[in-house]
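Engineer: With the sequence up front, the predicted model follows.
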Amino acid sequence: MISPPLAFFRRGWSPLRLRLTWRLAGMVLLALLGLFLVGARLIIFLISLPTSVNAAPLVIPSLREWHGGLGTFMLGPGARIVLDPASAPRLRATALVFQQDLQAVANLRLPVVIQETPGSGDLLLTLKNDDPGIGNEGYLLLIADSLTISAHTEAGVFYGTRTVLQMLVQDPFRSHLARGMARDYPRYAVRGFMLDVGRRYFGPGRLEDYVRLLSWFKMNEFQLHLNDNAPGAGERSDWRRQYAAFRLESARFRGLAARDGAYSRADIASLEALAQTHAVTIIPEIDTPAHDLALTQYRPDLASPKGSKEFLDLADPATVPFVEDLWNEFLPWFSSSQVHIGADEYALNDADRYRAFVNRLAAFLSGKGKTVRMWGSLSLMKSRIPVARTIVLDIWNNRWANPVQMAREGFKIINMNDNLLYIVPRAGYYHDYLDTRTLYTRWQPFIFDLAHPQLNLAPNDPHLLGAMFALWNDKLNVVSDAQIDDRLEPAVRVLSQKLWSGVTPLSYGQFEQLALQLSAVPGAHLPELPQSFEITPHGQSQGPQALTVPTVPALALVARGRCRL
């Protein structure tokens, strides 16, 4: 038997030719192996790529539009906050707030720079935006190799930064953001909260915390009810010793400000400065001609001679000049183009003088460039004297002002319905806590009565500007600051969702769990949350329990706010 090498030689294969053949075969095998390895790496790479676009980020209020991209953007220590030169003068304050809040959320102190275009990993804030559909408060958020927030106004850019911060809060590393594009804008122009500081004093720092809380959830108005008195105090024989307070302190009206707490012009200036950088408008309310025991104790000669002593005497020719003097003194303290004159719950048998007073005060303030608001009262305060249609009505009670009737008469309207949107701690006759479950699942801002739809406006009625909720302190100091906060926070979250987005993509339980993750408001000093609460079918908390909703990753606790204290 002839061996294979000898067979090759006998067939004419030389040793040199054989070596070349083996070398060529080896090279072919190596090339095939290389192709196999490249293919395997390509397969692994393709498998590692995202297979679907990113879902919409979970934020409060939810985004109006989201177009998901692939992969993530990572915020690193080399990132910068970039302002384009044309936008820089107007956006500098917004950028500094964003810088501070990023440090609080992500522990990164990013420099603020001015240049035309961002680099990879940078955060660009710009007023270059050609989308008219987003309005004055909307924004576009593009997350790609760099991150861009563009809007028509500083408020729009600011709201975009709130979305970015809320996204970061939910990332365990505080650095990853889903790529994609958001087009976000509010449904309603007025998204607010009214606080009764007249019957309960809140320190300036607490008011600043509430500004940060409101802005965190894209709420844009904070109304201060600056004077009031204990309910029924004006009917008592000792009315001059009953509790009443006016909360602005000025040498022009020495002795008028409450002794247990009042705000100086410097206090208001500080609050205004913070509010302006957080896209929140402070609405001052000096309530006249009722709820005025603080004013009549200061000027007893102006108290009603026949009715409650908390009523100003509208028959006295000195009353209107006195009220105008108050506004002359305190109007310059506030930058808002909107002011509130109160005008609720005055004597029904004096409707003519009441309406004349409202018109005169509205004309006075309009002459100073202000849009006037008042508590809706015109359905009960019947008179042939028409009230100026330029006044915006806060519809607080459907009997005092029928919302459908007021819209038909041409008034602009804000929904502040007492049965739905009033908190009065420990009073027993209004909500102690808002029924946030019902508001989330059944209410919309055009609804003034869930049981009587004939009192509700059409969903797109142009007369409806938005809605606000209110916290009244009829019982004065019956709850602590922490207990006040506990009532406010869930209301702010739900109202923001319904006023900005309108839709409810999450169940109420999922929404509350998301709210827990977003409860730490940057820069605010609000109390820590309890561990969790079990949400019952009626929305009331029943002590510590765990509740997990699988469709909201990494959330295992229910947000606070429904626990009766």
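Structural biologist: Right, received. Where do you want to start?
Engineer: just how off-centre is the one helix or strand residue 362 maps to within its chain?
Structural biologist: Assigned by DSSP states H and E, residue 362 belongs to helix 351-366. The chain centre lies 32 Å from the centre of helix 351-366; the measure is Cα atoms, centre = their mean, to the nearest Å.
Engineer: Could you list every helix and strand that it packs against?
Structural biologist: Helix 351-366 is packed against helix 319-330, strand 338-342, strand 371-375, with contacts defined by 3 or more Cβ pairs under 8 Å, 6 or more residues apart in numbering; DSSP states H and E. For the C-beta atoms, the positions are set from N, CA and C on the backbone; glycine is no exception.
Engineer: what does the second one rub up against?
Structural biologist: Spelled out, it's strand 338-342. When contacts are defined by Cβ atoms under 8 Å, 6 or more residues apart in numbering, strand 338-342 is touched by residues 223, 225, 281, 283-291, 327, 331, 358, 361-362, 365, 370-375, 392, 394.
Engineer: again, 6 Å this time
Structural biologist: Applying Cβ atoms under 6 Å, 6 or more residues apart in numbering, the contact partners of strand 338-342 are 283-285, 287-288, 361, 365, 370-374.
Engineer: Ok, the last one next?
Structural biologist: Applying Cβ under 6 Å, 6+ apart, the set of residues contacting strand 371-375 from outside is 337-338, 340-341, 343-344, 362, 365, 391-392, 394, 396.
Engineer: try 7 Å
Structural biologist: In this structure, residues lying in contact with strand 371-375 by Cβ atoms under 7 Å, 6 or more residues apart in numbering are 337-344, 358, 362, 365-366, 391-394, 396.
Engineer: got the CA positions of that strand in PDB?
Structural biologist: Once non-C-alpha atoms are left out, strand 371-375 reads as follows in PDB (Å, rounded to 0.1, in the frame of the first residue of the first chain):
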ATOM      1  CA  THR A 371     -57.100  92.400  35.100                       C
ATOM      2  CA  VAL A 372     -59.600  92.000  37.900                       C
ATOM      3  CA  ARG A 373     -60.800  88.800  39.400                       C
ATOM      4  CA  MET A 374     -63.600  88.300  41.900                       C
ATOM      5  CA  TRP A 375     -65.500  85.500  43.600                       C
END
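Engineer: how far is the next helix or strand after that strand from where the chain is centred?
Structural biologist: Counting by DSSP H and E, the next helix or strand C-terminal to strand 371-375 is strand 392-395. Strand 392-395 sits 20 Å away from the centroid of its parent chain (Cα atoms, centre = their mean).
Engineer: For strand 392-395, list every residue counted as buried.
Structural biologist: 392-395 (16 or more other Cβ atoms under 10 Å).
Engineer: just those residues now: which is nearest residue 424?
Structural biologist: residue 394 (16.2 Å; Cβ to Cβ).
Engineer: how near is that closest one to residue 481?
Structural biologist: 26 Å (Cβ to Cβ, to the nearest Å).
Engineer: ditto for residue 439
Structural biologist: In terms of Cβ to Cβ, residue 439 sits 24 Å off from residue 481.
Engineer: again, but for residue 295
Structural biologist: For residue 295 relative to residue 481 (Cβ to Cβ), the value is 27 Å.
Engineer: Likewise for residue 446?
Structural biologist: For residue 446, the distance to residue 481 (Cβ to Cβ) stands at 34 Å.
Engineer: neighbour count winner among the two?
Structural biologist: residue 446 (19 against 15; other Cβ atoms under 10 Å).
Engineer: That one should be in a strand, yeah?
Structural biologist: No. Under DSSP: H, G, I helix; E, B strand; the rest coil, residue 446 falls outside any strand and is assigned coil.
Engineer: For it, which non-adjacent residue is spatially closest?
Structural biologist: If the residues on either side of it in the chain are set aside, residue 446 comes closest to residue 457, at 4.4 Å by Cβ to Cβ, 6 or more residues apart in numbering.
Engineer: now residue 433
Structural biologist: That would be residue 487: by Cβ to Cβ, 6+ apart, it lies 5.4 Å from residue 433.
Engineer: Show me just the buried residues among the contacts of strand 371-375.
Structural biologist: Buried among the contacts of strand 371-375 by 16+ other Cβ under 10 Å: 338-344, 358, 362, 365, 391-394, 396.
Engineer: Quick check: residue 272 vs residue 75, distance?
Structural biologist: Counting by Cβ to Cβ, the gap from residue 272 to residue 75 is 32 Å.
Engineer: Settle it for me: which of those two has more neighbours?
Structural biologist: residue 75 (24 against 18).
Engineer: what separates the more buried one from residue 98, distance-wise?
Structural biologist: Per Cβ to Cβ, residue 75 is found 12 Å from residue 98.
Engineer: The nearest residue to residue 377 once chain neighbours are set aside: neighbouring residues, count only.
Structural biologist: Once flanking residues are discounted, residue 377 sits nearest to residue 400: 4.9 Å by Cβ to Cβ, 6+ apart. Other residues within reach of residue 400, judged by other Cβ under 10 Å, total 18.
Engineer: Looks like residue 400 contacts residue 379 (just checking).
Structural biologist: Yes. Residue 400 lies in contact with residue 379 (Cβ atoms under 7 Å); the separation is 6.1 Å.
Engineer: And the helices in the stretch 151-300 of the chain, which stretches?
Structural biologist: 154-169, 204-216, 265-277, 293-298 (DSSP state H, counting those that start in this stretch).
Engineer: Distance to residue 256 and mean pLDDT added to the ones you listed, as JSON lines?
Structural biologist: Shown next, in JSON lines, are the helices of the stretch 151-300 of the chain (distance: least, Cβ to Cβ, whole Å; pLDDT from 0 to 100):
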{"stretch": "helix 154-169", "distance to residue 256": "34", "mean pLDDT": "98"}
{"stretch": "helix 204-216", "distance to residue 256": "19", "mean pLDDT": "98"}
{"stretch": "helix 265-277", "distance to residue 256": "14", "mean pLDDT": "98"}
{"stretch": "helix 293-298", "distance to residue 256": "5", "mean pLDDT": "98"}
